[in-house]
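Asker: After the sequence you'll find the predicted model.
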Amino acid sequence: MSIFEYNGSAVVAMVGKNCFAIASDRRLGVQLQTVATDFQKIHRIHDRLFLGLAGLATDCQTLYQRLVFRHKLYQLREERDMKPETFASLVSAILYEKRFGPYFCQPVIAGLGDDDKPFICTMDSIGAKELAKDFVVAGTASESLYGACEAMFKEDLEPDELCETVSQALLSSVDRDCLSGWGGHVYLVTATELKEVVLKGRMD
């Protein structure tokens, strides 16, 4: 068993028309045993930038704390929030720094740039970035997430349609993966609003 599969996870980010959605499942497990059903895998860096972390839960929490610290330092120095592209480079640098004993995490970064253009990206545990214009996935359910997103994604989706598409893709994917599930968490971000939705899923 891969150490990335120890806790189980499913994270997906998708872009729409001047908006993006990022979603994750809520299960924290130790292999096949469920420990918690309300585990937070998506973190708000600021109102227009979100970070999803899939992989080993303890490493994800450590990495998140380091990133919050670095972002607060940036805010103090620059007196502004970090752009999504800059934040992606920061995450990549921190992961590559630890490449000989890596954090067992797959980050998913989603944010809105200056012109309300959505930015999404994911990377492996040593910080090799993978940029995308439609959607990115991470976690143990990533195989079925690719299939579901590929089937459901359309370009320039309106915010409400995007929220529905991501929710359906996530729920249908975690049903095919026994290490993730127990409902979902969706954040929908547009230029003017931030919407949070908790999904009910199968409880087995």
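Answerer: Nice, thanks for sending it over.
Asker: Dead centre of the protein: give me the residue that sits there.
Answerer: Most central in the chain under Cα atoms, centre = their mean is residue 52, positioned 2.6 Å from the mean C-alpha point.
Asker: That residue and residue 45 touch, don't they?
Answerer: No. The criterion here is Cβ atoms under 8 Å, and residue 52 misses it with residue 45 at 11.0 Å. To be clear about C-beta, it is placed using only N, CA and C from the backbone, and glycine gets the same treatment.
Asker: circling back to that earlier point, if you count contacts, what does the helix or strand hosting the residue nearest to the centre of the chain end up packed against?
Answerer: According to DSSP states H and E, residue 52 maps onto strand 49-55. Counting contacts by 3 or more Cβ pairs under 8 Å, 6 or more residues apart in numbering; DSSP states H and E, strand 49-55 is packed against strand 10-16, strand 19-25, strand 42-46, helix 57-78, helix 84-97, strand 105-112, strand 135-139.
Asker: Where does pLDDT dip in the protein?
Answerer: Within the chain, no range satisfies pLDDT under 70.
Asker: Tell me how far the residue in it sticking out farthest from the centre lies from residue 111.
Answerer: Distance from the C-alpha centroid of the chain peaks at residue 77, with 26.8 Å (Cα atoms, centre = their mean). The gap separating residue 77 from residue 111 is 19 Å, by Cβ to Cβ, to the nearest Å.
Asker: Same check on residue 192?
Answerer: Distance from residue 192 to residue 111, by Cβ to Cβ: 15 Å.
Asker: Among these two, which residue is more densely surrounded?
Answerer: Between residue 192 and residue 111, counted using other Cβ atoms under 10 Å, the more crowded position is residue 111 (28 against 9).
Asker: Show me what stretch 35-48 is in contact with.
Answerer: 9, 11, 22-29, 50-54, 57, 60, 64, 67-68, 71, 81-82, 84, 87, 111-112, 182-183, 185, 187, 189, 194, 203 (Cβ atoms under 8 Å, 6 or more residues apart in numbering).
Asker: Quick one: buried ones out of the residues you listed?
Answerer: 9, 11, 22-29, 50-54, 57, 60, 64, 67, 71, 81-82, 84, 87, 111-112, 182-183, 185, 187, 189 (16 or more other Cβ atoms under 10 Å).
Asker: Name the SS class of the closest residue to residue 203 other than its chain neighbours, please.
Answerer: Distance criterion Cβ to Cβ, 6 or more residues apart in numbering; nearest residue to residue 203, sequence neighbours excluded, is residue 182 at 6.3 Å. When classified by DSSP: H, G, I helix; E, B strand; the rest coil, residue 182 comes out as coil.
Asker: Renumber starting at 341 from here on
Answerer: Yep, numbering from 341; the last one is residue 522 now.
Asker: No more questions from me, cheers.
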